[in-house]
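Asker: Predicted model and sequence below, questions to follow.
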Amino acid sequence: MAATASGNVETSFRPKIGCVKDLAESSDLTSIPSKYSYYSTALQIPTIDFSLLNSTSPDQRSKVIQDLGKACQEWGFFMLINHGVPESLMEGMLAMCRDFLDQTGGGEVGVCWKACPENYLKAISESLGLEGSCIDKAMELESCFQILTSNLYPPCPQPDLAMGMPPHSDHGLFIQNQNGGLQLNHNGKWVNVHALPNTFLVNTGDHLEILSNGKYKSVLHRAVVNNKATRISLAVTHGPCLDKVVAPVAELVDSENNPALYHGMMYKEYLEFQQSNQLNGKSHLDRIRI
Ligand SMILES: O=C(O)CCC(=O)C(=O)O
Ligand SMILES: [Fe+2]
């Protein structure tokens, strides 16, 4: 039983939690309403079955292309399963990076890993309603430039006070990346990404945002640290050759209904600008936004 503010009516009631102060003062606070949380814990990131892109059933193929487009548009992120890369190769890459980082104490490995994921890019083109070869042609991907980055995050005694990698988006077309600790921003909230074994995590990078004239947005992501174990992640960005100017694909631009949202920019300049600046959200995209 409790008294109302005027004190002359006694009723039994639970205080209605209306503001943060009420919330903080309620004695049985064990969890907070989702609107106050910067995290979303229950969300499942989309999964794309890569093997279905080779399906002989046109319905199955067009369904997976539709799912791919939806994942790029709504999340900018998905988990690729049945991708056909042997698990032993993926483990070998991780082991190689671990050795390298152990010997050098950290840093970036710059290797050109010429494995153009043509099938994937064909599907992305089709999901935008374009001809399969469109992105490949626009980016001249036969002379592509891939960068593999290996990140090492040692255990941190105060993980809540530190950040492994601040929020940013990636250049190039996508990144592949393993292990827990990665978070992505979905509708303004941070979502923990848990990769299933033998899967790739793929995200839409800035260049897909530019090429698609903003239809697919590059996704903000960051890496958090833990106080238990060293974590290694591998990221691959896939871009055109260095002197290619990346601009919205002509087929997706028309001056009346869909004016170009970005100026073209040479890939090399984009990389230099990104590398010379602290990672800071998507600020590097603002430079070329019209
Ligand atoms: O370590 C991670 O999970 C994120 C790495 C990353 O975002 C990057 O290398 O661009
Ligand atoms: Fe990244």
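Answerer: Perfect, thanks for sending it. Numbering: from 1, shown residues only. Ligands and ions are numbered 1, 2, ... in the order given.
Asker: where's Phe100, which helix or strand?
Answerer: With secondary structure defined by DSSP states H and E, Phe100 is part of helix 87-104.
Asker: ends of stretch 180-195, how far apart?
Answerer: Separation of the first and last residues of stretch 180-195 by CA to CA, to the nearest Å is 7 Å.
Asker: returning to that earlier point: avg pLDDT for the helix or strand just after the helix holding Phe100?
Answerer: Counting by DSSP H and E, the element after helix 87-104 in chain order, helix or strand, is helix 118-127. Average pLDDT, helix 118-127: 86.
Asker: can you check stretch 238-248 too?
Answerer: For stretch 238-248, the per-residue pLDDT averages 90.
Asker: re earlier: check which residues of the helix holding Phe100 are buried.
Answerer: Residues of helix 87-104 classed as buried by neighbour count (16 or more other CB atoms under 10 Å): Met90, Met93, Leu94, Cys97, Phe100, Leu101. In this view, the C-beta of every residue, glycine as well, is placed from N, C-alpha and C.
Asker: now that helix, how far from the centre of its chain.
Answerer: Helix 87-104 has its C-alpha centroid displaced from the chain centroid by 23 Å (CA atoms, centre = their mean, to the nearest Å).
Asker: So which bits of this protein are right by ligand 1?
Answerer: Thr149, Asn151, Met165, Asp170, Ile175, Asn177, Gly181, Leu182, His221, Ala223, Ser233, Ala235 (CB under 6 Å from any ligand atom).
Asker: Over to the first one. Which of the three states is it?
Answerer: Secondary structure for Thr149, judged by DSSP: H, G, I helix; E, B strand; the rest coil, is strand.
Asker: Excluding chain neighbours, what is closest to it?
Answerer: Nearest non-adjacent residue to Thr149, counting by CB to CB, 6 or more residues apart in numbering: Ala235, 4.7 Å away.
Asker: now the third one
Answerer: What sits nearest to Met165 in space, not counting adjacent residues and going by CB to CB, 6+ apart, is Ala223, at 4.0 Å.
Asker: could the buried residues of helix 87-104 go into JSON lines alongside pLDDT and distance to Tyr267?
Answerer: Formatted as JSON lines, the buried residues of helix 87-104 follow (pLDDT from 0 to 100; distance: CB to CB, whole Å):
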{"residue": "Met90", "pLDDT": "80", "distance to Tyr267": "27"}
{"residue": "Met93", "pLDDT": "80", "distance to Tyr267": "24"}
{"residue": "Leu94", "pLDDT": "79", "distance to Tyr267": "27"}
{"residue": "Cys97", "pLDDT": "80", "distance to Tyr267": "24"}
{"residue": "Phe100", "pLDDT": "81", "distance to Tyr267": "26"}
{"residue": "Leu101", "pLDDT": "77", "distance to Tyr267": "27"}
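Asker: farthest pair in those residues?
Answerer: Met90 and Leu101 (16.8 Å; CB to CB).
Asker: thinking again about what came up before, quick check: next helix or strand after the host helix or strand of the residue nearest to Thr149?
Answerer: Using DSSP H and E, Ala235 maps to strand 231-239. Beyond strand 231-239 on the C-terminal side, the first helix or strand identified by DSSP H and E is strand 245-246.
Asker: Name every strand pairing with the helix or strand following that next one and say which way it goes.
Answerer: On the C-terminal side of strand 245-246, the closest following helix or strand by DSSP H and E is strand 265-266. Strand pairing for strand 265-266, using DSSP bridges, gives strand 245-246 (antiparallel).
Asker: Pull the residues that contact the strand it pairs with.
Answerer: With contacts defined as CB atoms under 8 Å, 6 or more residues apart in numbering, strand 245-246 is touched by Met139, His207, Ile210, Leu211, Gly239, Pro240, Gly264, Met265, Met266, Tyr267, Tyr270.
Asker: which residue sits closest to Ser127, ignoring its sequence neighbours?
Answerer: Among residues not flanking Ser127 along the chain, Gly69 sits closest, at 3.3 Å (CB to CB, 6+ apart).
Asker: Look up phi and psi at that neighbour.
Answerer: phi -60, psi -40 (degrees, to the nearest 10).
Asker: I'd say it and Phe78 touch.
Answerer: No. With contact defined as CB atoms under 8 Å, Gly69 does not reach Phe78; the gap is 10.8 Å.
Asker: if you count what's nearby, which of those two comes out ahead?
Answerer: Each of Gly69 and Phe78 has its neighbours counted (other CB atoms under 10 Å); Phe78 has more, 23 against 19.
Asker: Give me the neighbour count for Cys156.
Answerer: Neighbours of Cys156 (other CB under 10 Å): 16.
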